[in-house]
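Visitor: quick one, fold the following:
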Amino acid sequence: MLDKTKAALVVIDFQDGLLPSIPVGQTIVPQAVKLIRCCRELGLPVLWTEQYPKGLGRTTKPVADALEGLAPIEKVAFGCFGCQQFEESAGALGRAQLIVAGIESHVCVMQTVLRAQEIGYSCFVAADATGSRAKTDHRAGLARMQAHGAELVTVEMVIFELLGAAGTPEFKRLLPLIK
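Guide: Just a heads-up that it's a prediction; the model follows:
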């Protein structure tokens, strides 16, 4: 189970140059925004990446707005742990669980999750906040991550797991996200 004292959020490459080719782009962006808002409201640390922004553009506005006040980590390696700045930043958080959302499921997300699992993180992939250009690639990426020990979750599953109970001040603050 997710534990808000042990978890961090990783938001991977929601960039304008990539999103138009992702068939589910219009649905995963609002899900990612909901996930970011929840994690930030609950005080979870957030790491945010952009793959070669000179060529692929910056993070799409709704996602960037939800990440306001944080700076993206630029990378050229597909997997986030192939970037020294990301690896150091993740290690400095001292968190054992990574909640992961991003594109593409079968490339940057998968390579990040497989490496994270190898080095001891528990990964929770928000399947409804990830996508690929082709459905078969998305499904294969999710299947491979799951086969290597990652848990496939939905944004709503993450929200309710992190909250743990209704009736708390946190629940009341996040209720508009859930409705």
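Visitor: quick one, helices of this protein?
Guide: Using DSSP state H, the helices found in the chain span residues 25-41, 53-56, 61-66, 84-93, 110-118, 135-147, 155-163, 169-178.
Visitor: any idea how far the second one is from the chain center?
Guide: Okay, so that is helix 53-56. From the chain centre to the centre of helix 53-56 is a distance of 20 Å (CA atoms, centre = their mean, to the nearest Å).
Visitor: can you pull the buried residues of the lowest-mean-pLDDT helix or strand in the chain?
Guide: One helix or strand of the chain scores below all others by mean pLDDT, DSSP states H and E: helix 169-178, with a mean of 91. By 16 or more other CB atoms under 10 Å, the buried positions in helix 169-178 come out as 170, 174. From N, CA and C alone the C-beta is placed, and that goes for glycine too.
Visitor: for stretch 47-56, same thing?
Guide: 47-51, 53.
Visitor: just the closest of these to residue 105, please.
Guide: Closest approach to residue 105 among the buried residues of stretch 47-56 (CB to CB): residue 51, at 13.6 Å.
Visitor: ok so, going back, in strands only, show me the buried residues of stretch 47-56.
Guide: Among those, the ones falling in strands (DSSP state E) are 47-51.
Visitor: CSV for the residues you listed, including pLDDT?
Guide: Putting these into CSV (pLDDT from 0 to 100) gives the following:
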residue, pLDDT
47, 98
48, 97
49, 98
50, 98
51, 97
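Visitor: chain neighbours aside, what residue packs nearest to the residue most central in space within the chain?
Guide: The chain has residue 101 as the residue nearest its centroid, 2.4 Å off, counting by CA atoms, centre = their mean. Excluding the flanking residues, the one nearest residue 101 by CB to CB, 6 or more residues apart in numbering is residue 129, at 3.7 Å.
Visitor: which secondary structure elements does the least confident helix or strand of the chain contact?
Guide: Under the contact definition 3 or more CB pairs under 8 Å, 6 or more residues apart in numbering; DSSP states H and E, helix 169-178 sits against helix 25-41, helix 155-163.
Visitor: sorry, back to before: just give me the closest of the buried residues of stretch 47-56 to residue 83.
Guide: residue 49 (7.4 Å).
Visitor: which residues touch that closest one?
Guide: 10-13, 72-75, 80, 83, 86, 102, 108 (CB atoms under 8 Å, 6 or more residues apart in numbering).
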